[in-house]
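Peer 1: got a predicted structure plus its sequence, pasted below:
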Amino acid sequence: MELTLVFSFIFLLQDFLSGVSSASPRYFTSMFTLGDSYIDTGNFVIMATPVIPVWIDKPPYGMTFFGHPTGRPSDGRVIIDFIAEEFGLPFLPASLSNSSNISQGVNFAVGGATAVEVGFFERNDLVPFKLLNNSLDVQLGWFEKLRPSLCNTTEGSGGCFGKSLFLVGEFGVNDYNFIWMANKTEDEVRSYVPKVVKTIALAVERLINDGAAYIVVPGNPPIGCSPTILTLRRSANAMDYDRIGCLRAVNSVARYHNTLLRVTVGGLRGRYPHARIIFADFYNPIRRIIENPNSFGVVSDVLKACCGTGGAYNWNGSAVCGMPGVVACRNPAAYVSWDGVHYTEAINRYVAKGWLYGPYADPPILSAMQH
């Protein structure tokens, strides 16, 4: 009897969720996103191709959903694709593609983007190469340049973006990775977190002043579990790893970033009560899958990349996904990491649903829009 009640509850819940989903498409009429490669839909390929070798525009990228590379660093859709689908919106065009169809949204995110302006990393010798000029401030500039063509100047800004959903991030992963790669200590990397979080907060304020009413601010994922960082920061000291095999120090910085960002979002809510500012948890959904892989149909070795070659984590910087001879696994949905840096479509879907419905957003996007 109890089992029957459980199944009945599950079916009722599914009916409720499908009802919410079917009601949601008409609410947000557009989406505007800023961020890095986790949500990039082609800007990095456009920006980097004239400057450096690019591989994410080569097969097997896009193999699961699109059947060909699209500039998305995944085997299929990225997080914002699933959010757009939820609201009946088209996939967002990359801003640098100069699409003529921007009335329902634009994606300004670029792979490799930092929160802090790129000159900071170059001036402080934190990177041994010239960075693409794609930081958060630059992306905001792109949005503001496009803003007049999105808004009727005779109406108030609230009327313009009152039913638009904005995403600011994830930002921070590249900032910290550059510093980790400069062989800085955990304390040194942690010292940069307030600067990164403040930069994100200022961007949110700027968007609110531009008329944004609904803003999602994602935190950092557990980057200490990524095949790339695990390979590049490999340690002989077993104490540097947690029980799953992720790097303690790297994830500790990510958690500190998330804690500070969540508190900062709370402060912004107090200053801008008319805006709905959502903190999106990117850390715990990934961590939950890594800790319970069998529950999610993930292979037992959760720290290996699907597409890559060699080494303990199937990632080698000299033979990355997209390069000739580098093959992908047969079933990307059985992996957490797609190419050693980015997530598979299956993981992106799980994160997106967690942000839309909960429990991985405060408040969930679908409940925030009801206020």
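Peer 2: Great, that's in hand. Please read all numbers here as calculations on a predicted model, not as lab measurements.
Peer 1: quick one: Val351 and Tyr283 touch, right?
Peer 2: No. Val351 lies out of contact with Tyr283 (C-beta atoms under 8 Å); the separation is 10.3 Å. Bear in mind the C-beta positions are built from the backbone N, C-alpha and C, glycine included.
Peer 1: ok, now which ones touch Phe44?
Peer 2: Ser37, Val54, Ile56, Gly71, Pro73, Val110, Gly111, Gly112, Leu132, Asn134 (C-beta atoms under 8 Å, 6 or more residues apart in numbering).
Peer 1: grab the nearest non-local neighbour of the last one.
Peer 2: Among residues not flanking Asn134 along the chain, Val110 sits closest, at 3.9 Å (C-beta to C-beta, 6 or more residues apart in numbering).
Peer 1: more neighbours: which of Val351 and Tyr283?
Peer 2: Val351 (26 against 19; other C-beta atoms under 10 Å).
Peer 1: can you tell me the element that one falls in?
Peer 2: Element membership for Val351, per DSSP states H and E: helix 345-357.
Peer 1: which other helices and strands contact that helix?
Peer 2: helix 79-86, helix 283-291, helix 365-368 (3 or more C-beta pairs under 8 Å, 6 or more residues apart in numbering; DSSP states H and E).
Peer 1: deepest of those, which one?
Peer 2: helix 79-86 (a mean of 23; mean count of other C-beta atoms under 10 Å).
Peer 1: helices of the chain, residue ranges please.
Peer 2: Along the chain, counting by DSSP state H, helices occupy 2-23, 43-48, 79-86, 118-123, 136-150, 157-161, 173-181, 186-190, 193-209, 227-232, 248-271, 283-291, 345-357, 365-368.
Peer 1: relative to Val320, which of those is closest?
Peer 2: Among these, the nearest to Val320 by C-beta to C-beta is helix 227-232 (9.1 Å).
Peer 1: shaky segments in the chain?
Peer 2: Applying pLDDT under 70 to the chain flags residues 1-26, 152-159, 370-371.
Peer 1: tell me how far the closest residue to Asp362 other than its chain neighbours lies from Asn220.
Peer 2: In this structure, Asp362 finds its nearest non-sequential neighbour in Phe279, 4.7 Å apart by C-beta to C-beta, 6+ apart. Separation of Phe279 from Asn220 (C-beta to C-beta, to the nearest Å): 12 Å.
Peer 1: neighbour-wise, which of the two wins?
Peer 2: Neighbours were counted for Phe279 and for Asn220 using other C-beta under 10 Å; Asn220 has more, 28 against 22.
Peer 1: identify the residues contacting that one.
Peer 2: Glu170, Gly172, Val173, Tyr176, Ala254, His257, Asn258, Phe282, Tyr283.
Peer 1: ok, 7 Å please
Peer 2: Contact analysis of Asn220 by C-beta atoms under 7 Å, 6 or more residues apart in numbering lists Glu170, Gly172, Val173, Ala254, His257, Asn258, Phe282, Tyr283.
Peer 1: which of those count as buried?
Peer 2: Glu170, Gly172, Val173, Ala254, His257, Asn258, Phe282, Tyr283 (16 or more other C-beta atoms under 10 Å).
Peer 1: returning to that earlier point: so the residue nearest to Asn134 sits right up against Val45, yeah?
Peer 2: No. Taking contacts as C-beta atoms under 7 Å, Val110 lies outside contact range of Val45: 9.6 Å.
Peer 1: in terms of neighbours, single out the busier of the two.
Peer 2: Val110 (30 against 24).
Peer 1: next, count neighbours for the residue nearest to Pro364 when sequence neighbours are not counted.
Peer 2: Once flanking residues are discounted, Pro364 sits nearest to Gly358: 3.9 Å by C-beta to C-beta, 6+ apart. Neighbouring residues of Gly358 were enumerated by other C-beta under 10 Å; the total is 15.
Peer 1: then Pro50?
Peer 2: 7.
Peer 1: start the count at 26, not 1, going forward
Peer 2: Okay, residue one is now 26; in that scheme the one you just asked about reads as Pro75.
Peer 1: gap between the residue nearest to Pro389 and Leu391?
Peer 2: 8 Å.
Peer 1: shared neighbours, Val376 and Tyr308?
Peer 2: Contacts common to Val376 and Tyr308, judged by C-beta under 7 Å, 6+ apart, are absent.
Peer 1: how about the contacts made by Pro318?
Peer 2: Neighbours of Pro318 in contact, by C-beta under 7 Å, 6+ apart: Val324, Ser325, Val327.
Peer 1: go again with 8 Å.
Peer 2: Val324, Ser325, Val327, Val361.
Peer 1: what of Pro84?
Peer 2: His93, Pro94, Gly347.
Peer 1: hmm, the last one is touching Ile81, no?
Peer 2: Yes. With contact defined as C-beta under 8 Å, Gly347 counts as touching Ile81 (5.8 Å).
Peer 1: and the two? which has more neighbours close in?
Peer 2: Ile81 (25 against 20).
Peer 1: that older thread, save the contacts of Asn245 as JSON lines, and put in distance to Asp150 too.
Peer 2: Compiled in JSON lines, the contacts of Asn245 are given as follows (distance: C-beta to C-beta, whole Å):
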{"residue": "Glu195", "distance to Asp150": "25"}
{"residue": "Gly197", "distance to Asp150": "20"}
{"residue": "Val198", "distance to Asp150": "20"}
{"residue": "Ala279", "distance to Asp150": "24"}
{"residue": "His282", "distance to Asp150": "23"}
{"residue": "Asn283", "distance to Asp150": "28"}
{"residue": "Phe307", "distance to Asp150": "29"}
{"residue": "Tyr308", "distance to Asp150": "30"}
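Peer 1: closest one to Val352 out of these, please.
Peer 2: So of the contacts of Asn245, ranked by how close each gets to Val352 (C-beta to C-beta), first place is Val198, at 26.3 Å.
Peer 1: brilliant, that's me finished.
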